[in-house]
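**Student:** sequence? don't have it. structure:
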């Protein structure tokens, strides 16, 4: 259930006693009953009903709590909101200022509401790093304290040595049934890895995991590719290679879109054509799925499929969670390169996007989301003052 928007109205000291009723009536033109509540607590929105309300407004604006400043037309309301917006900027507070009617009719208030709830839902969630961040990810390790500070997410570190042997697990029937009737060598082992990870998610009440998978395949000759793909399909965020920056971005995208994005390698950039590849694509993002061996080791199983999307959004957070990259593109092909991970896709992007990926990358892995989510992602990032490259 989506919590109601918290809204405060402000007016000059001499405003009539019916000002609150007028504010509620105005909001009722655009918001359904029960979808908002008038409050004196730190609000999500401050509605300016007149001039002379500046002091009242800044008393409601608390550090670390972004606010949308909306002004009715007339009564010097917008003038007061402008003064408060200037004060917010001078005091390093994040706010947006708009005409109230324009904000409602354009859908911006809905976008703001969506943004507020993304961060509310993330706050208090628990994630885990299983194993360690892979050695080659030198720009993707997120400090636990930074994850808590920016996203409100608690991070547990669970060494592989503290987990049971996957061979002692029963096979996960969800994964087995997905390929029912297919005599795929190694499928039972992959399904036991899924049971191992699923048990840990349930036991620790985890919303997300980042798994150091190469140690598993090198030591046990079994991959976590299918396990991660199945978890992501079910909406349980599961990043590979212990990539905490990607895990954080995947968690944010999931709360915004309802989908867990595909974490993929930046494999090639040729002109405006970007090639992404990886072996852990969620089953709901691809079609014509087959199960070849894992690319780098030619061992066990990986996911190979054709991305179903046409237009896509690409997203990436920095290791400090202070910067983000948001790009859009169009799927134009599904190559079959022998020197890349199994699921592959070609995406045409703009020249400026290609330049950013070449000269300002935030890391190898990009998150691919079907559809155009650039505006909501931009709002979600700006809400936390994350710099967009």
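**Tutor:** Now that the structure is in, tell me what you want to look at. The structure presented is a predicted model; accordingly, all values stated were derived computationally and were not measured.

**Student:** Now do the contacts for residue 64.
**Tutor:** For residue 64, the contact set (C-beta atoms under 8 Å, 6 or more residues apart in numbering) is empty. For every residue, glycine as well, the C-beta is placed using N, CA and C.

**Student:** SS state for it?
**Tutor:** coil (DSSP: H, G, I helix; E, B strand; the rest coil).

**Student:** Kindly provide the distance from it to residue 54.
**Tutor:** Distance, residue 64 to residue 54, using C-beta to C-beta, to the nearest Å: 21 Å.

**Student:** Does residue 7 touch residue 40 like I think?
**Tutor:** No - at 10.7 Å, residue 7 does not count as touching residue 40 under the criterion of C-beta atoms under 8 Å.

**Student:** where in the stretch 101-250 of the chain is pLDDT low?
**Tutor:** Counting by pLDDT under 70, the stretch 101-250 of the chain shows low-confidence ranges at 181-182.

**Student:** Longest strand of the protein, counting residues only.
**Tutor:** Ranked by residue count and defined by DSSP state E, the top strand of the chain is strand 323-333.

**Student:** Show me what counts as buried in it.
**Tutor:** By 16 or more other C-beta atoms under 10 Å, the buried positions in strand 323-333 come out as 323-329, 331.

**Student:** next one: stretch 220-227
**Tutor:** 220, 222-227.

**Student:** Dump the buried residues of strand 323-333 to TSV, plus pLDDT and distance to residue 116.
**Tutor:** Output for the buried residues of strand 323-333, formatted as TSV (pLDDT from 0 to 100; distance: C-beta to C-beta, whole Å):
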residue	pLDDT	distance to residue 116
323	97	22
324	98	18
325	97	23
326	98	19
327	97	25
328	97	24
329	97	29
331	96	32
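
**Student:** Which of the residues you listed lies at the shortest distance from residue 104?
**Tutor:** Checking those against residue 104 with C-beta to C-beta, the nearest one is residue 326 at 25.2 Å.

**Student:** Residue 315 is in contact with the closest one, correct?
**Tutor:** Yes - using C-beta under 8 Å, residue 326 makes contact with residue 315 at a distance of 5.7 Å.

**Student:** anything in contact with each of these two?
**Tutor:** Joint contacts of residue 326 and residue 315 (C-beta under 8 Å, 6+ apart) are residue 377.

**Student:** I'd assumed residue 92 was in a helix, is it?
**Tutor:** No - applying three-state DSSP, one finds residue 92 to be coil, outside a helix.

**Student:** So it versus residue 216, what's the distance?
**Tutor:** Residue 92 is 45 Å from residue 216, by C-beta to C-beta.

**Student:** Give me the next element, helix or strand, following the longest strand of the chain.
**Tutor:** Reading on from strand 323-333 to the C-terminus, the next helix or strand found by DSSP states H and E is strand 343-348.

**Student:** Report the buried residues of that following strand.
**Tutor:** 343-347.

**Student:** quick one: which of those residues is nearest to residue 153?
**Tutor:** Checking the buried residues of strand 343-348 one by one against residue 153 (C-beta to C-beta), the nearest turns out to be residue 343, at 27.4 Å.
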